[in-house]
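Novice: The following comprises the amino acid sequence and a computationally predicted model.
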Amino acid sequence: MSDPMNAKAQKQPDSNQQQESKENKDSNGTRNATPDLDRSSSKGITGLIRLLPYAKPRVWGFVLIFAFAIIFNITGTLQPYLVKVAIDNDLNISNPDLRGLIIIGLVYILSVVIGVAANYAQVVMLQYNGQSIIRAIRLDLFRHIANQAMQFFDRTAIGRLVTNVSNDTETVNQFFTQFFLSTVSNGMSLVMIVFAMYELDARVATYSMILVPIVFVISFVFRKRMRRAYQTTRTRLSNVVVFLAENLSGIRIIQIFLQEKRQAKLFEQLNSSHREANILEYGTSVSFNRSLELLGNLAVAAMIFVGGDVVLHHGMEFGTLYAFITYIRNFFAPINAITQQWNTLLSALVSADRIGNVLRLEPAIQDPVEPVQIDDFLRSQGSIEFKHVSFAYHPDQPVLRNIDFTIEPGEFVGFVGATGAGKSSIMSLLMRFYDVTDGQILVGGQDVRDFRQADLHSLIGLVQQDVYVFSGTVADNIRLFRSDISDEQVVNAAVTVGANRFIERLPNGYQTPLYAKGMNLSMGERQLLAFARIVALDPAIIILDEATASLDSRTEEWVQAGLQAVSQSRTTLVIAHRLSTIRNADTIYVLDKGRIVERGNHEALVAAGGYYAALHENSGIDAKDFRKNAQMRLECKATT
Ligand SMILES: Nc1ncnc2c1ncn2[C@@H]1O[C@H](COP(=O)(O)OP(=O)(O)OP(=O)(O)O)[C@@H](O)[C@H]1O
């Protein structure tokens, strides 16, 4: 489904959007996507109305539901009337009519059966419609989130997004199912009851209408309080989910650094504040509902008192009084049901706002209007050029300064430097996860901004330190679910990089299911799996962010051999943490504080006796620790 939200938002930018646009521009003029996804951007029902286009394809379904609701309500309203007829006509003591009674009884049973069937059909269809709408909204949300640029994910808590896609859509579903059904069906029932009451006795019916303004006043008094209470509960629940998502994903760190108690205490605080908000919410809601119930019972009591007197003075038949009492009680049931749905409406308003906040976001990095088409020539071109590239994640905090290099197709280059020097940032820019602040990056002679992002990514294969493993089999993880890659190609890819050695030892070989995050594989095995992925997908360029954790020497040998195999005939960029990985590189770039301070091959750099030489001297030590020594050496050089 297209994105009706977005289409509408683009046509009619409201003041909130303009505000959002302002907030989302940084001083460089680029969008920085720092959205407050919890912000209630539209007052009242606007957020929900904006979601209505998702219900459009289901319009006929709703018409049918409407028809079933009419049938259900007619049967419900008819029943007290049938009892009235039976009491006043057939049970008349002076002239009883047994045949008439039987007929009324049969009609009553028939109306009950038809009512139940109509109600069943109505509820099932409503669920079907509601779930179909939610499926479409969820799909759009997921696509929309997945299309956002990296800075969106840098600044948005994943838990917030999980709440958006799961809870918020479910709450909106309740609007389309419970609230819709309740309002339509009970609203209709209310109209029919009022109609039946006027048919029975217009005067008594008019007296009964005094209830309407009282109900209105009660609703008005509670409305604001309830909205505030619901908003608080939703925000606090979302805080709990965010905390949970972040803590579970970082559970290892929490355990290693003995943070369990502290985190549990924080969680307890969030939980308590959610509990308090929830109790307040229910307290308000229950006070509201009970006030209405009290009013309903008072109305019934008044009807018994006043109506009974009228019956005794022969101003009304007993059956009519019975029907009136039933209608008055039934009159409150739909009002109560509709107001019970007030909660649903309020939650749905908040959720619709939050969904809208996500759907209105535009990705900070956009594809060009006329992208360069990737043909076979370009696909085989692995040349890379950085032309005076500078970059900052935040204005005034430059991370890369005047980076300038050219890598020829098929070259193997290494990047070394202390932590925070900017190695990963170079790779992120190459993949256009971010746009350069200054300068230009070319791949195959074309500016990366001229490609569609998907096309650019198809040219580049990435092997990260922590290889991401999807839920699925080993084979699925090598072909990345692409049906055009055959089983044979999967096996060949694994053999090429030597991953077959461990795969064949797994219980079901290539069909072994992998657990979330590949926890049933070692780090080295995951690296080999990622290499096999590269061979199967066959990009012209690969980026390897070498794992920092030390591998045992045998596994390291396998990973080195795998890297050799995968880098054959591909342009290979390696962020190296062990110098042995890049010893044979064509060129090594040494980075310090966002600048390239040295470049050359291993021998030349060692001979130069600078930064890299210091690193080499300390090669027993991890790359991250070399900077201090290197700095001292540079300072020594400067003074001599
Ligand atoms: N997403 C981000 N948002 C803001 N600042 C960032 C982001 N990623 C990195 N930085 C900052 O940019 C600088 C360069 O980081 P980068 O990750 O490129 O360094 P690195 O050389 O790859 O380090 P490491 O070897 O530790 O991975 C650091 O100061 C870092 O704090």
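Specialist: The structure has been received and is ready for your questions.
Novice: Need the pLDDT of R39.
Specialist: What the model reports as pLDDT for R39 is 58.
Novice: Tell me which residues of stretch 382-399 come out buried.
Specialist: Neighbour counts over stretch 382-399 (16 or more other C-beta atoms under 10 Å) mark G382, S383, I384, E385, F386, K387, V389, F391, A392, Y393, P398, V399 as buried. Any C-beta I mention is one placed from the backbone N, CA and C, and that applies to glycine too.
Novice: you'd agree the first one is in a helix?
Specialist: In this case it means G382. No - going by DSSP: H, G, I helix; E, B strand; the rest coil, the assignment for G382 is coil, not a helix.
Novice: Surely it and I543 touch.
Specialist: No - using C-beta atoms under 8 Å, G382 is not in contact with I543, being 11.3 Å away.
Novice: ok and the residue in the stretch 101-250 of the chain nearest the ligand?
Specialist: Residue of the stretch 101-250 of the chain nearest the ligand, by C-beta to the nearest ligand atom: D154 (4.2 Å).
Novice: and that residue, how many neighbours?
Specialist: 13 (other C-beta atoms under 10 Å).
Novice: same check, this time on G444
Specialist: 23.
Novice: Skipping its backbone neighbours, what lies nearest it in space?
Specialist: In space, and not counting its chain neighbours, G444 is closest to Q381: 3.3 Å by C-beta to C-beta, 6 or more residues apart in numbering.
Novice: how much space between that neighbour and I460?
Specialist: Distance of Q381 to I460, given as C-beta to C-beta, to the nearest Å: 12 Å.
Novice: Can you pull the residues that touch both of those two?
Specialist: Common neighbours of Q381 and I460 (criterion: C-beta atoms under 8 Å, 6 or more residues apart in numbering): V443, A540.
Novice: Of the two, give the one with the bigger neighbour count.
Specialist: Neighbours were counted for Q381 and for I460 using other C-beta under 10 Å; I460 has more, 23 against 19.
Novice: ok, now how distant is that one from the ligand?
Specialist: Computed as C-beta to the nearest ligand atom, to the nearest Å, the I460 to the ligand distance reads 17 Å.
Novice: In terms of residue numbering, what are the domains of this protein?
Specialist: Following automatic domain parsing, one finds the domains of the chain at 36-359, 376-639.
Novice: Next, format those as JSON lines and append distance to V369.
Specialist: As requested, the domains of the chain are arranged in JSON lines below (distance: least, C-beta to C-beta, whole Å):
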{"stretch": "domain 36-359", "distance to V369": "16"}
{"stretch": "domain 376-639", "distance to V369": "11"}
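Novice: Stretch 595-605 spans what distance, first to last residue?
Specialist: Stretch 595-605 has its terminal residues 16 Å apart, counting by C-alpha to C-alpha, to the nearest Å.
Novice: helices or strands up against the strand or helix carrying R203?
Specialist: Using DSSP states H and E, the element containing R203 is helix 202-208. Counting contacts by 3 or more C-beta pairs under 8 Å, 6 or more residues apart in numbering; DSSP states H and E, helix 202-208 packs against helix 187-200, helix 260-312, helix 318-359.
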